[in-house]
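Peer 1: sequence plus the predicted model coming up.
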Amino acid sequence: MALKITLKPHERIVIGGGVVRNGGTRSDLVIENSVPVLREKDIMNEQDAVSPCRRLYFIIQLMYIDEKNLVEYHETYWKLVKDIISAAPRTMAPIDQISEHILCGRYYQALKIARKLIDFEQEVVKRCTQPR
């Protein structure tokens, strides 16, 4: 089944590990085979991976778009998981879901849950930094 994507002017997208930038007008792409696809809104740059959960998202993103280095990314992932769970045990349930998707090769689904984990992390930080 083909995937149809409409790109905004100048929007970036990663298709099969390659970064593509749209021109100055809106355009439609049809992806006819199964390859990793990430829209610009889902792409995290390395310099934006500034917190534990953001680093987790970033490493899952690398797993998704760069399969040739999976062993290295998996090692980093499990180290991050250990650190995150040690610091915040309440993250165990979503991390279990993420890990199950990763072990089954469903990296995009893992990214969706990791995005929610980032939101949780931001909320915790916000609560901790608010004056009482």
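Peer 2: Great, that's in hand.
Peer 1: report the buried residues of the longest helix along the chain.
Peer 2: For the chain, the helix that runs over the most residues, judged by DSSP state H, is helix 107-129. Using 16 or more other CB atoms under 10 Å as the test for burial, helix 107-129 gives 107, 109-111, 113-114, 117-118, 121. Every residue, glycine included, has its C-beta placed from N, CA and C.
Peer 1: and it, what does it pack onto?
Peer 2: helix 52-65, helix 92-103 (3 or more CB pairs under 8 Å, 6 or more residues apart in numbering; DSSP states H and E).
Peer 1: residue 5 is nearest to which of those helices?
Peer 2: Residue 5 lies closest to helix 52-65 among those, at 15.6 Å (CB to CB).
Peer 1: make TSV out of the helices and strands packed on helix 107-129 and add mean neighbour count.
Peer 2: Listed next are these as TSV, based on neighbours: other CB atoms under 10 Å:
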stretch	mean neighbour count
helix 52-65	22
helix 92-103	16
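Peer 1: pLDDT weak spots in this structure?
Peer 2: Residue ranges of the chain with pLDDT under 70: 132.
Peer 1: compute the inter-axis angle for the host helix or strand of residue 77 and helix 52-65.
Peer 2: Element membership for residue 77, per DSSP states H and E: helix 70-87. Helix 70-87 and helix 52-65 meet at an angle of 160 degrees, taking axes from the mean of the first three to the mean of the last three CA atoms, to 10 degrees as the criterion.
Peer 1: got a list of contacts for helix 70-87?
Peer 2: With contact meaning CB atoms under 8 Å, 6 or more residues apart in numbering, helix 70-87 is reached by 52-53, 55-56, 59-60, 62-63, 66, 91-92, 95, 99, 102.
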